[in-house]
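Novice: this is a predicted model, with the sequence first.
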Protein chains: 2
Amino acid sequence: MARDSQDTRRRILEAATAEFAERGIAGARVDRIAASAGCNKSLLYTYFGNKDRLFETVFDSLVAEMVTAIPIDTTDLAGYAGRLFDRYCTHPEVVRLALWDRLERDGQGMRVAGIVAAETAKAEALARAQGDGSVSALLSPADLLAAITLVTSLWPLMQPHDESPSPARLAEMRTAVTAIVSRLTGPGPAH
Amino acid sequence: MARDSQDTRRRILEAATAEFAERGIAGARVDRIAASAGCNKSLLYTYFGNKDRLFETVFDSLVAEMVTAIPIDTTDLAGYAGRLFDRYCTHPEVVRLALWDRLERDGQGMRVAGIVAAETAKAEALARAQGDGSVSALLSPADLLAAITLVTSLWPLMQPHDESPSPARLAEMRTAVTAIVSRLTGPGPAH
DNA sequence: CGTAAGTAACTAACCGGTTAGGAAGTATAA
DNA sequence: TTATACTTCCTAACCGGTTAGTTACTTACG
């Protein structure tokens, strides 16, 4: 077996991501992560300090990437929502990690400077779009962003059977999500 | 100390609710529940079997009550959403328990017959309201119900600082939630 | 007394974290 | 080239505290 500390770190992070996403911090087992990464448990401590710091590392790298992966498009927010939904569907670990973070660490992970800055920038873009009238001002920019995030990331959570929906069902869900965002951002009702 | 097994059961359930809501199943400590209930740990086993069955009992009684507490009013869905929001705000343990259930038990607790039946009934009421045109058919009945539940229960989760929002902030959030539901259920955009 | 309610003490397994040291590679110097 | 010293990467074994669950026993009440 080749000795490569960088690769070992990567394997540990990969194993930790899966374990934490499935079981959370309290439910995760350090021995299981080490076994799954194919290395000794103590390496996990030399490289990442302890269980909590390992979770932090996993969380920061994954969620930071997610939050910047898809640029906001204020000229087509329904399309933006659809792309967000797609990404959350193909990366369900990220959603689960964010939920664990909220429940077990009071959302500490979401209060990192990078994430806050990215969200602020998106809210400002929404504010500009509302200013020129291309997006409904029904909600404040922050609330509209919250609504889009809520619906796109947690919609699958509301469905009765969570596990591996069929492509057809997935398309249905996507349609519902984009319809919701379209209605929230489009012009108001006729009267 | 008076000997009252019914009251002891109640105290255990109360303590278990708080402990499970805060820490989840894996994070909850049986000793802490017993101490908080002011009784011996073994009583918890004689009355409820084991840790998991205790969670089930807590979950079933709490969520079943929540799901039937507020009758749906298809003539004023925004008002209905507001009342749901109020109740979720005054009973945050229920929301947290439902999230723990989703993450740690794959949503097993939500698949109880009573809950499923109540949700089906609500969806049917929505279908009727859509049939007579009083509610927008933008979303399917099930999706509309999911959207209302999602927004009313998890909206506070999307806010930056979770802990004890001021009454003013709470009112703002309530306004946003009812505005969303109103827009989703009201007539479509002007053209 | 007899039974239901309650307790203290215990156990076996688990789990996060540590430690002492070994194996493999690299630089140095004779 | 080769012996030596040193560094990096890694491991097996261990440790102390914790935790779910049990058991033998005591207490209060009808």
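Specialist: Structure received. As the structure is a computational prediction, the values presented were derived from the model and not from experiment.

Novice: was I right to think A:L138 contacts B:T178?
Specialist: No. Using CB atoms under 8 Å, A:L138 is not in contact with B:T178, being 11.2 Å away. Backbone N, C-alpha and C define where each C-beta goes, glycine included.

Novice: ok, A:S42 to B:L144 distance?
Specialist: 53 Å (CB to CB, to the nearest Å).

Novice: phi, psi for A:A26 please.
Specialist: phi -60, psi -30 (degrees, to the nearest 10).

Novice: oh, I was asking about A:R83
Specialist: Torsion angles, degrees, to the nearest 10, at A:R83: phi -70, psi -40.

Novice: in chain A, where is pLDDT below threshold?
Specialist: Scanning chain A for pLDDT under 70 picks out A:1-2, A:162, A:191.

Novice: domains of it?
Specialist: A:1-49, A:56-185 (automatic domain parsing).

Novice: DNA strand D: which of those is closest?
Specialist: Among those, domain A:1-49 comes nearest to DNA strand D, with 3.3 Å by CB to the nearest atom of the strand.

Novice: distance from the closest one to the middle of the chain?
Specialist: In terms of CA atoms, centre = their mean, to the nearest Å, the centre of domain A:1-49 is found 21 Å from the chain centre.

Novice: that domain and DNA strand D, are they touching?
Specialist: Yes. On the criterion CB under 7 Å from any atom of the strand, domain A:1-49 is in touch with DNA strand D at A:1, A:3-5, A:7-8, A:38-43, A:46.

Novice: looking at the residues you listed, which is nearest A:R83?
Specialist: A:D7 (31.8 Å; CB to CB).

Novice: please identify which helix or strand holds the closest one.
Specialist: Of the helices and strands defined by DSSP states H and E, A:D7 is found in helix A:5-27.

Novice: who touches that helix?
Specialist: A:28-29, A:32-34, A:36-39, A:43-44, A:47-48, A:51-52, A:54-55, A:57-59, A:61-62, A:92-94, A:96-97, A:100, A:103-105, B:23-27, B:103-104 (CB atoms under 8 Å, 6 or more residues apart in numbering or on different chains).

Novice: out of those, who's near DNA strand C?
Specialist: Okay, of the contacts of helix A:5-27 touching DNA strand C (CB under 7 Å from any atom of the strand), that's A:28-29, A:51-52.

Novice: nearest to A:L150 among these?
Specialist: A:A28 (26.1 Å).

Novice: show me where chain A has helices.
Specialist: In chain A, the helices defined using DSSP state H lie at A:5-27, A:30-37, A:41-48, A:51-69, A:77-90, A:92-105, A:113-131, A:141-154, A:167-185.

Novice: tell me the buried residues in the fourth one?
Specialist: Right, helix A:51-69. By neighbour count with 16 or more other CB atoms under 10 Å in any protein chain shown, helix A:51-69 contains the buried residues A:51, A:54-59, A:62-63, A:66-67.

Novice: with the fifth one instead?
Specialist: Buried residues in helix A:77-90, counting neighbours by 16+ other CB under 10 Å, are found at A:77-78, A:80-85, A:87-89.

Novice: tell me how far the residue nearest to A:A78 when sequence neighbours are not counted lies from B:L184.
Specialist: Once flanking residues are discounted, A:A78 sits nearest to A:S182: 4.0 Å by CB to CB, 6 or more residues apart in numbering or on different chains. Using CB to CB, we find A:S182 at a distance of 11 Å from B:L184.

Novice: related to what we said a few turns ago, of A:S42 and B:L144, who's got more company?
Specialist: Neighbour count, other CB atoms under 10 Å in any protein chain shown: between A:S42 and B:L144, B:L144 has more, with 26 against 9.
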